[in-house]
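Q: no FASTA, just this:
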């Protein structure tokens with residue numbers, strides 16, 4: 001935490017009386033949507049880039065991202081005063097692309113998923129010799145993401161359960177490592193989109209190969225396979241994993257907008273969706289939910305509203 005403590009925000013751990021009454025739990029939301037760049041991703045990118053030897057930083061930074069890692073890399077590279085180039089999927093929300101460019105990075109759009117953008121970035125990196133900053137499969141990136149857990153437990157030392165959204169697994173691996181090192185009795189539960197359940201499948205033994213197709217409104221979770229470095233850590237330290245549907249994610253987004261007057265993106269709402277839609281037993285427990293980001297396209301609010309209706313009817317949500 002010392003390396004990035006002055007570069008990132010210490011985000012609030014917030015409660016909702018409505019949420020507590022509905023779930024019967026004592027729910028605490030870690031508001032990483034209020035983080036610099038609007039996402040937790042800046043923590044890992046900052047830790048990695050600020051720790052690079054000068055000879056590596058001077059080569060320039062290259063990365064692949066569905067949006068939030070891109071902004072974190074762009075900001076960290078700008079603070080280190082080195083150029084950055086980010087490959088992003090074509091379907092990346094325009095708000096994330098514009099923000100990445102605003103922080104000073106060059107942006108290349110291509111492919112439909114993170115994995116396709118990743119392959120393009122690797123090819124470019126091999127040609128140019130730039131320093132690659134992986135979105136999740138890197139020890140220093142994972143360590144940076146793990147500071148979310150350390151902050152949560154500093155803010156509330158008797159948390160019993162922490163729910164973490166999962167794409168490639170960098171946040172979950174980093175947080176699980178940190179929690180089990182200092183508070184081993186705290187349960188760590190990963191939450192993945194049902195339409196992109198690669199890590200969930202590996203974890204539960206439902207499948208070991210990469211997914212052919214992924215589809216979810218949570219663009220930050222559009223990953224076809226878990227990381228080679230992240231998954232062994234997840235398998236060792238994570239207690240359980242669950243999935244949530246797009247309708248349930250939409251329900252959590254609309255809950256935050258209507259009840260908490262806060263805009264949260266799809267990936268950021270995943271852990272909350274698991275609580276609201278009762279995928280995890282939180283009755284009588286102190287539970288932390290990582291609200292991992294808030295970089296959402298406001299033009300899609302009507303889509304989320306429509307999708308949320310079926311989940312509200314199914315789960316009898318107000």
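A: In hand now; what should we look at? Bear in mind the structure is a predicted one, so any value in this text is a computation, not a measurement.
Q: Let me see the contact set for the residue lying closest to residue 83 once chain neighbours are set aside.
A: Distances taken as C-beta to C-beta, 6 or more residues apart in numbering place residue 60 nearest to residue 83, at 4.6 Å, with adjacent residues excluded. Heads up, the C-betas are built off the backbone N, CA and C, glycines and all. Going by C-beta atoms under 8 Å, 6 or more residues apart in numbering, residue 60 touches 82, 83, 84, 85, 128, 130, 131.
Q: Please identify the nearest residue in space to the third one, excluding sequence neighbours.
A: This points to residue 84. Distance criterion C-beta to C-beta, 6+ apart; nearest residue to residue 84, sequence neighbours excluded, is residue 77 at 3.7 Å.
Q: From residue 9, how far off is the one you found?
A: 19 Å (C-beta to C-beta, to the nearest Å).
Q: what's around residue 194, how many residues?
A: 16 (other C-beta atoms under 10 Å).
Q: elements contacting the helix or strand the residue nearest to residue 84 falls within?
A: Assigned by DSSP states H and E, residue 77 belongs to helix 68-80. In terms of contacts (3 or more C-beta pairs under 8 Å, 6 or more residues apart in numbering; DSSP states H and E), helix 68-80 is packed against helix 41-50, strand 61-64, strand 84-88, helix 94-102.
Q: give me the number of residues near residue 98?
A: Neighbours around residue 98, by other C-beta under 10 Å: 10.
Q: Surely residue 197 is in contact with residue 243?
A: Yes. Look at residue 197 against residue 243 with C-beta atoms under 8 Å: they come within range, at 5.4 Å.
Q: For residue 22, give its distance to residue 312.
A: From residue 22 to residue 312 the distance is 12 Å (C-beta to C-beta).
Q: hmm, back to that, residues in contact with the residue nearest to residue 84?
A: Residue 77 touches 49, 61, 83, 84, 104, 105, counting by C-beta under 8 Å, 6+ apart.
Q: Spit out the contact partners of the last one.
A: Taking C-beta under 8 Å, 6+ apart as the definition of contact, the neighbours of residue 105 are 70, 73, 74, 77, 84, 85, 86.
Q: and the third one, how many neighbours?
A: Burial of residue 74, expressed as a neighbour count using other C-beta under 10 Å, amounts to 28.
Q: Where does pLDDT dip in the protein?
A: Counting by pLDDT under 70, the chain shows low-confidence ranges at 1-3, 313-318.
Q: centroid residue for it?
A: By C-alpha atoms, centre = their mean, the chain has its centre lying nearest to residue 292, at 5.0 Å.
Q: Contacts only, for that residue.
A: 32, 33, 39, 40, 164, 165, 171, 220, 267, 268, 270, 271.
Q: Just the ones of these in helices?
A: When DSSP state H is applied, the contacts of residue 292 are split such that 171, 267, 268, 270, 271 fall in helices.
Q: With distance to residue 228 and neighbour count added, can I get these in JSON lines?
A: Output for those, formatted as JSON lines (distance: C-beta to C-beta, whole Å; neighbours: other C-beta atoms under 10 Å):
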{"residue": "171", "distance to residue 228": "16", "neighbour count": "32"}
{"residue": "267", "distance to residue 228": "21", "neighbour count": "33"}
{"residue": "268", "distance to residue 228": "25", "neighbour count": "33"}
{"residue": "270", "distance to residue 228": "23", "neighbour count": "34"}
{"residue": "271", "distance to residue 228": "24", "neighbour count": "30"}
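Q: Distance check, residue 218 against residue 181.
A: Applying C-beta to C-beta to residue 218 and residue 181 gives a distance of 29 Å.
Q: the more surrounded of the two?
A: Remark: of residue 218 and residue 181, residue 218 carries more neighbours, 27 against 12, as counted by other C-beta under 10 Å.
Q: Now for the nearest residue to the more buried one once chain neighbours are set aside: which residues touch it?
A: Nearest non-adjacent residue to residue 218, counting by C-beta to C-beta, 6+ apart: residue 266, 3.2 Å away. By C-beta under 8 Å, 6+ apart, the residues touching residue 266 are 193, 216, 217, 218, 219, 220, 221, 246, 249, 250, 253, 296.
Q: Tell me the spacing between the residue nearest to the last one when sequence neighbours are not counted and residue 251.
A: Once its chain neighbours are removed from consideration, residue 296 has its nearest residue in residue 265; the separation is 4.1 Å (C-beta to C-beta, 6+ apart). According to C-beta to C-beta, residue 265 and residue 251 sit 14 Å apart.
Q: Those two: which is more packed in?
A: Neighbour count, other C-beta under 10 Å: between residue 265 and residue 251, residue 265 has more, with 31 against 28.
Q: just checking, that one touches residue 300?
A: No. Checked against C-beta under 8 Å, the pair residue 265 and residue 300 is beyond contact range at 9.8 Å.
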